[in-house]
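*Asks:* this is a predicted model, with the sequence first.
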Amino acid sequence: MNKLFLTFSVVGFSVFLFNPSYGGAGVIVMGPTPFGATADGTAVEVYTLRNSKGMIAKVMTLGATLTELHVPDRVGITADVVLGFDNVADYQSDKNQYFGCTTGRVANRIARGKFKLDGREYTLALNNGPNHLHGGVKRSLDKVVWKAQPVANGVRFTYTSPDGEEGYPGNLNLAVTYTLNENNELRIDYEATTDKPTPVNLTNHSYFNLAGAGAATVLDHILELAADEYTPADETLIPTGKIESVKGTPLDFTRPTRVGERIEQLLETQFNGYDHNFVLRKRGRTPTFAARLKDPKSGRVLTVLTTQPGIQLYTGNFLKGQTGKGGRVYAQRSALCLETQHFPDSVNHPHFPPVILRPGQTYRHTTIFAFSAE
């Protein structure tokens, strides 16, 4: 069992040093550090995870959000590879397109904001054309302030979403734990329990550019997905219910392929680029390979492992040149998301992997962002 062996603090700041979970010299957890306050005056804090290999992750209590992720390249130079902002106000503005947050209660889309559960119909907010997206408008998980507690090599965020919040049934007890190890792996563990049947589908919505946040494009990155199939969608990006092969389509990333190699075939479609759910080949209780992304110039490599059945590739098609951290500009398609998830609108497609959590059950999923360089 890992034990805390050093703690010291000054006003508003603490450092927690733990024995490592996976060997090596250890991971330092620093915080909480004040980051500002929300529009209603709620304090927001940041925790910093640092290993001996130079990797640094920063996570904040607003939205249980990954705000910074510094990763070394092939010669040891680090860069922050995720989009974000320097202040709470920007995270609460329309400049923020779910940068780095925990998304839910149900990530992705629900058709017409409606679903039936045990004979009752529920109606949710419509915030993406005719559909419900990423948990709602005012009290979705990205917009609330979570409680935080340092744990071995990381931070555990907890939040109780009350019955009826954003239209969802049940008091939902949530925990999202970020941990860092000496192998440059950032692990995210999700847990949830409920007192009423309710849909749950959680993901992290980080935007990655392995050349560094604010680099001009992500279309030069090389991507491989462990997916032979995808879920076709209608003009509003709701799955049709079919599952089809990627072979012979611009969606075939079964071999390493430049992200922008065939994207022009999608620019005049409803997707305006990649915004597709891929069906992963394998799923299980332990994280398995889902994706590999490489920046050829820096040599940085991101490998995604997950217990989830699907992964959404989104190429930042609606980034609008907003100013982010350090004054950097986030141009259209300058970053991409690899959102591990259950399929969009699963609550309305009984043959998709189920998303209904019932009393007495525990929702558990894990995603690992593993970094290397070559």
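*Replies:* That came in fine, so what should we check first?

*Asks:* which strand residues bridge Thr177?
*Replies:* Counting by DSSP bridges, Thr177 forms beta bridges with Arg156, Asp189.

*Asks:* wait, it sits on Asn204?
*Replies:* No: applying Cβ atoms under 8 Å as the test, Thr177 and Asn204 come out as separate, 11.8 Å apart. For the C-beta atoms, the positions are set from N, CA and C on the backbone; glycine is no exception.

*Asks:* okay, these two: which has more neighbours?
*Replies:* Asn204 (26 against 19; other Cβ atoms under 10 Å).

*Asks:* what's around Asn317, how many residues?
*Replies:* Asn317: 16 neighbours (other Cβ under 10 Å).

*Asks:* dump the residue contacts of Asp163.
*Replies:* Pro169, Gly170, Asn171, Asp195, Lys196 (Cβ atoms under 8 Å, 6 or more residues apart in numbering).

*Asks:* which of the residues you listed ranks first by neighbour count?
*Replies:* Of these, with other Cβ under 10 Å as the count, Gly170 tops at 24 neighbours.

*Asks:* which residues in this structure form helices?
*Replies:* Taking DSSP state H to define them, one finds helices in the chain at 88-91.

*Asks:* below-threshold pLDDT in it: ranges please.
*Replies:* Filtered on pLDDT under 70, the chain yields the residue ranges 1-25.

*Asks:* closest to Asn272 among the contacts of Asp163?
*Replies:* Nearest to Asn272 out of the contacts of Asp163 is Pro169 (Cβ to Cβ; 34.0 Å).

*Asks:* and that closest one, how close does it get to Leu267?
*Replies:* 40 Å (Cβ to Cβ, to the nearest Å).

*Asks:* next one: Val151
*Replies:* For Val151 relative to Leu267 (Cβ to Cβ), the value is 44 Å.

*Asks:* for those two, indicate the residue with more neighbours.
*Replies:* Neighbours were counted for Val151 and for Leu267 using other Cβ under 10 Å; Val151 has more, 17 against 10.

*Asks:* my read is that that one contacts Thr179, right?
*Replies:* Yes: the pair Val151 / Thr179 is scored as a contact, 7.2 Å apart, by Cβ under 8 Å.

*Asks:* quick check: Phe352 touching Gln341?
*Replies:* No: in this structure Phe352 lies outside contact range of Gln341 using Cβ under 8 Å: 11.2 Å.

*Asks:* so which of these two has more stuff around it?
*Replies:* Using other Cβ under 10 Å, the more surrounded residue of Phe352 and Gln341 is Gln341, with 26 against 21.

*Asks:* residues in a beta bridge with the more buried one, which ones?
*Replies:* Here Gln341 shows beta-bridge partners Gly310, assigned using DSSP bridges.

*Asks:* how about Val279?
*Replies:* Glu229, Gly310.

*Asks:* how many other residues sit next to it?
*Replies:* 22.

*Asks:* next one: it relative to Leu66, how far apart?
*Replies:* 25 Å.

*Asks:* same check, this time on Arg262
*Replies:* 29 Å.

*Asks:* of these two, give the one with the bigger neighbour count.
*Replies:* For Arg262 and Leu66, the more surrounded residue by other Cβ under 10 Å is Leu66, and the numbers stand at 23 against 15.

*Asks:* in space, what's closest to that one - neighbours in sequence excluded?
*Replies:* Leaving aside its chain neighbours, Leu66 sits nearest to Gly100 (4.1 Å; criterion: Cβ to Cβ, 6 or more residues apart in numbering).
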